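Participant: Any chance you could fold what I've pasted below:
(chains A and B)
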2 protein chains.
Amino acid sequence: MEQALQAMADNTTNRASTIHRKNISNRQVHLQWMNQICRSKKLNYVMEGNRICSLFGIQYPIIQAGMIWCSGWELASAVSNAGGLGIIGAGSMYPDGLRENIRQCKAATSKPFGVNVPLLYPDLEQHMQIIIEEKVPVVFTSAGSPKIWTPILKENGIKVVHVVASSKLALKCQDAGVDAVVAEGFEAGGHNGREETTTLCLIPAVRNAIHIPLIAAGGISSGKAMLAVFALGAEGVQIGTRFVCTKESSAHENFKTKIVSLNEGDTLLSMKKVVPVRLIKNEFYKAIQAAEDKGADGGELVTILGRARAKKGMYEGDMEEGELEIGQASALIDTIQPAKEVVDEIWNEFVATKNKISSLSL
Amino acid sequence: MEQALQAMADNTTNRASTIHRKNISNRQVHLQWMNQICRSKKLNYVMEGNRICSLFGIQYPIIQAGMIWCSGWELASAVSNAGGLGIIGAGSMYPDGLRENIRQCKAATSKPFGVNVPLLYPDLEQHMQIIIEEKVPVVFTSAGSPKIWTPILKENGIKVVHVVASSKLALKCQDAGVDAVVAEGFEAGGHNGREETTTLCLIPAVRNAIHIPLIAAGGISSGKAMLAVFALGAEGVQIGTRFVCTKESSAHENFKTKIVSLNEGDTLLSMKKVVPVRLIKNEFYKAIQAAEDKGADGGELVTILGRARAKKGMYEGDMEEGELEIGQASALIDTIQPAKEVVDEIWNEFVATKNKISSLSL
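Facilitator: Here you go, the predicted structure:
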């Protein structure tokens, strides 16, 4: 498997160089477009001096995580229109689907938005080609090294953010020239760091390690949690789970309904011998868990996983046999709302919590 | 094992009634003593209106966790003298040792202090008898039901706090009449909840569930983290890992030195088939991990564990074959300091972070 990944990475480097040469001429055009949408004087920065707001040209430092099967153009454009940064999750899209989503998103909002690209996915080069051609202003990369793609995307005028689960990788990202880092804790949904560092411990560690803007993720679903991570040194938040539970999310209704019914302990980090992933405890999870308890190796787990489990669960609505990736914050969420309402509630609670903390009598 | 625990619990109930009857006459005397030390007009409440400060009669809502092998009277009295609440960890003490520690603590401080008592330990009734006889003002209980001992301790004028890892148990504690709850997240050292809820997700859930005072624990080693959990609804913090790294802690010097050298990912929650415990990744941990990977059951793990592993590591200083329980916050700690310096630094950083948050321009 290691060899296969290396071969894929080498191949990527070669193809990346080609894309790079082909697109450098687009740079001027793209930068003009970026200036138009990101630096428009019509934007009201609500949070003065906040580096995440000025980096992306957004009102609130609230970013909707790009997630497989849940975040298409409807959700991304709704969040961007509400003053946050909406992100299309490319990980579950074929190249044509990604292009379609980007175009629809541009038609639905004049504000900045982004695409999340897991760097180990098979259609990677095509995805990047489309992102550059379509002049997407922001790219969040994850699950791979930031070294190869960061310079290429940046030379095409794209803001680049990489998702990490340790201060060591955060430092590598800074060295690779990313514009910001998302540090994601153990409580997050989906695929997760092996070190299991929680958001409360991770954010101060990453803050100590890097000087570039820092976005916190994992376990954040409210304005209180947003204030908490700001106290730890974050300058913005990336929120996944709560945005799955919105009217505009492309998750299956069964999945949304399931999430709002969850309590503490209803998700657990699983599949650690393959790639750790936080799952809802359904029949599929139990099968994996039973195999792990008996000492099954990675190969056996991959066999149980089979193909298209995540789609089956999150997109097609099979709540027992599907792979249901979601964060611990699910225990704190009890309604399905429009995305704008979520952004507004989080921001208002952030302001209220700031005022409450300010009034502490010490 | 379940039967054995039940038998122990039944036995405890009977003996508890005896102790209850025997000590009820001490109540008046004890309450007077409590009034003297807890409600002395000499105390300056630094945090006006804070329920944890007024409950215990302390200056700062900073509690040093009672920990096996690390928190004897030297540490507890140093923390109490510094304005926090110091706690003796009874879990690693024989009854005589506990009595000696309580007496030394009373001699070393005129301020309130507590004893932490794990409710499943074999010497439980003797421990409780001593605590009542010695008029300890505060008891933190953990690892068991709060129903049996809470009323007995309270009738003897003792403040009772129970440690939980879920909002469900927090609610049971409130119903059992405890004075406050410690909610401890996944990132904490030592024995840990099976649901793996992190502090960031646990505190808001517990805050929603109960109305009594709430102390946050797990991953807290700084004033920034203290402010973060206050934003989530906590009114005080319980800190373990950082107080192990103090001059007054009874941990072996090797253990203290080891902790300050740790980085992210150097601890992991282990022994989940027995009782989950967060361990430093040493040779003993690797042996457990290898057995777990092969599907070993609880019995096999207990055999590998053997007897007195924790003492061997934390108290006797064997860094490879000992059981080394510590929290994720270890990655953020790099010095061994006097306990008073720790309390002062945490408090000063809490105030500074509060001021920084207050000055956010929204």
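
Participant: Tell me the residues on the stretch 1-150 of chain A that lie near chain B, please.
Facilitator: Contact residues, the stretch 1-150 of chain A versus chain B (C-beta under 8 Å from any C-beta of the partner chain): A:46-49. Just so you know, the C-beta spots here come from the backbone N, C-alpha and C atoms, and that holds for glycine as well.

Participant: what about the strands in chain A?
Facilitator: Secondary structure of chain A (DSSP state E): strands at A:62-64, A:86-89, A:113-118, A:138-142, A:159-164, A:180-184, A:190-191, A:214-217, A:236-239, A:267-270, A:277-280.

Participant: Partner strands of the third one and their direction?
Facilitator: Looking back up the chat, that one is strand A:113-118. Here strand A:113-118 has these sheet partners by DSSP bridges: strand A:86-89 (parallel), strand A:138-142 (parallel).

Participant: Dump the C-alpha coordinates for it into CSV.
Facilitator: Presented in CSV, the C-alpha positions along strand A:113-118 are these (Å, rounded to 0.1, in the frame of the first residue of the first chain):
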residue,chain,number,x,y,z
PHE,A,113,-16.4,30.1,-1.6
GLY,A,114,-14.0,27.1,-1.6
VAL,A,115,-13.5,23.5,-2.6
ASN,A,116,-12.1,20.8,-0.2
VAL,A,117,-9.8,18.3,-2.0
PRO,A,118,-8.5,15.2,-0.2
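
Participant: Report the rounded mean pLDDT for that strand.
Facilitator: Averaging pLDDT along strand A:113-118 gives 98.

Participant: quick check: domain ranges of chain A?
Facilitator: Following automatic domain parsing, chain A resolves into domains at A:2-252+A:333-358, A:263-325.

Participant: And the last one, end to end?
Facilitator: What that stands for is domain A:263-325. This stretch, domain A:263-325, spans 15 Å end to end (C-alpha to C-alpha, to the nearest Å).

Participant: how far does it sit from the chain's center?
Facilitator: 20 Å (C-alpha atoms, centre = their mean, to the nearest Å).

Participant: can you tell me if it touches chain B.
Facilitator: Yes. Contact of domain A:263-325 with chain B (C-beta under 8 Å from any C-beta) involves A:264-265, A:268-269, A:273, A:293-296.

Participant: Just name the closest of the residues you listed to residue A:137, please.
Facilitator: Proximity of the residues of domain A:263-325 next to chain B to residue A:137 (C-beta to C-beta) peaks at residue A:269, which lies at 33.1 Å.

Participant: Excluding sequence neighbours, find me the nearest residue to the residue in the stretch 101-250 of chain A that chain B sits nearest to.
Facilitator: Nearest residue of the stretch 101-250 of chain A to chain B (C-beta to the nearest C-beta) works out as residue A:195 at 3.0 Å. Excluding the flanking residues, the one nearest residue A:195 by C-beta to C-beta, 6 or more residues apart in numbering or on different chains is residue B:265, at 3.0 Å.

Participant: cool, and residue A:106?
Facilitator: Using C-beta to C-beta, 6+ apart and skipping residues adjacent in sequence, the residue nearest residue A:106 is residue A:134, 7.5 Å away.

Participant: same question, residue A:280
Facilitator: Excluding its sequence neighbours, the residue lying closest to residue A:280 (C-beta to C-beta, 6+ apart) is residue A:324, at 4.0 Å.

Participant: residues in contact with the one you found?
Facilitator: Residue A:324 sits next to A:255, A:258, A:279-280, A:282, A:284-285, A:313-314 when contact means C-beta atoms under 8 Å, 6 or more residues apart in numbering or on different chains.

Participant: any idea how far it is from residue A:208?
Facilitator: Separation of residue A:324 from residue A:208 (C-beta to C-beta, to the nearest Å): 35 Å.

Participant: Please apply the same query to residue A:133.
Facilitator: Per C-beta to C-beta, residue A:133 is found 39 Å from residue A:208.

Participant: again, but for residue A:280
Facilitator: Per C-beta to C-beta, residue A:280 is found 34 Å from residue A:208.

Participant: So between those two, which is more surrounded?
Facilitator: Each of residue A:280 and residue A:208 has its neighbours counted (other C-beta atoms under 10 Å in any protein chain shown); residue A:280 has more, 24 against 11.

Participant: In the stretch 1-150 of chain A, what residue comes closest to chain B?
Facilitator: residue A:48 (4.0 Å).
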